[in-house]
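Visitor: Generate a structure from the sequence data that follows.
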Amino acid sequence: MLNKLHIDIMKKIGRLKNILLRLSIPKENATIGYIIAEHFDNDKKEAEFIDKYIEYVVPEKKSINEVIIYFNELFDLEKIAFDDIPKKYYNLMLLNAKLKLTVKNNNSDKTDLDFVVFKLKDTKKNKSLLDTRKTDIKNEDVILVFENQSDYVYSNLNWLNVYMYLCLGISEHDYYNRTVNLSEYIYNLKEFYGL
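Guide: Next comes the predicted model:
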């Protein structure tokens, strides 16, 4: 007998397959990213969750360019072409950036998206971060992806992906209107910092 968790997971996988079909991306070429979100059965539970952690949130949305500058100062990065990243990440990023823009066409190309992609250089400054990748991505390059129009950020290193998302921040609109973006942001904040 399936429990509620298994049923919820099956529903999410079904939604992903439907999205992939609409975008003409074969499901074997789409990798599900490290996306953290709390599932709430009702609005009251979501409101209680937000109330509990809202004090940790500062409503300050940064531009993609500000986040790129920050990560360029934090790490030694080498800019690479979007087409040079592995196909499994390529399709994931197209899918998520398109969804974030809520584009309604069925085209999965990148002509209307503006991706900026970096990889971590193999330097002393990056050594501790590169050492952590062995558990996540083995010997793949650590990539950092930024998309200007959708404010989409991604890294194939799980914790770095969440950190990039948190660095981008949350808008005042999402904060004061208590949108689903706020609860997603809080959940990532909670998981990342162990609140």
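
Visitor: quick one, helices of the chain?
Guide: 4-23, 43-53, 64-74, 87-101, 127-136, 158-168, 172-177, 180-193 (DSSP state H).

Visitor: For residue 143, which of those helices is the nearest?
Guide: The stretch from the helices of the chain with the least distance to residue 143 (Cβ to Cβ) is helix 87-101; that distance is 6.8 Å. (Each C-beta comes from the backbone N, C-alpha and C, glycine too.)

Visitor: Nearest to the spatial middle of this structure, which residue is it?
Guide: Residue closest to the average C-alpha location in the chain (Cα atoms, centre = their mean): residue 154, at 4.9 Å.

Visitor: Mind listing the residues bridging to that residue?
Guide: Using DSSP bridges, the beta-bridge partners of residue 154 come out as residue 145.

Visitor: so what pLDDT did it get?
Guide: Here the pLDDT value assigned to residue 154 is 90.

Visitor: what does residue 10 give?
Guide: As predicted, residue 10 sits at a pLDDT of 42.

Visitor: same thing with the one 4 residues further on?
Guide: Model confidence at residue 14, expressed as pLDDT, equals 43.

Visitor: next one: residue 111
Guide: Value for residue 111, per-residue pLDDT: 57.

Visitor: repeat for residue 36
Guide: You'll see residue 36 listed with a pLDDT of 48.

Visitor: And for residue 80?
Guide: According to the prediction, residue 80 has pLDDT 94.

Visitor: count of residues packed around it?
Guide: 16 (other Cβ atoms under 10 Å).

Visitor: just to revisit the earlier point, pretty sure the residue nearest to the centre of the chain is touching residue 145, no?
Guide: Yes. When contacts are counted by Cβ atoms under 8 Å, residue 154 is listed as touching residue 145 (4.4 Å).

Visitor: intersection of neighbour lists for those two?
Guide: 89, 93 (Cβ atoms under 8 Å, 6 or more residues apart in numbering).

Visitor: Using the record's domain definitions, break the chain down for me.
Guide: Domain ranges of the chain: 4-30+62-167, 37-61+169-195, per automatic domain parsing.

Visitor: so where's the chain uncertain?
Guide: Applying pLDDT under 70 to the chain picks out residues 1-41, 101-111, 134-136.

Visitor: let's see it at 80
Guide: For the chain, applying pLDDT under 80 flags the ranges 1-43, 86-88, 90-112, 132-139, 195.

Visitor: State the distance from residue 43 to residue 56.
Guide: Using Cβ to Cβ, to the nearest Å, one obtains 21 Å as the distance from residue 43 to residue 56.
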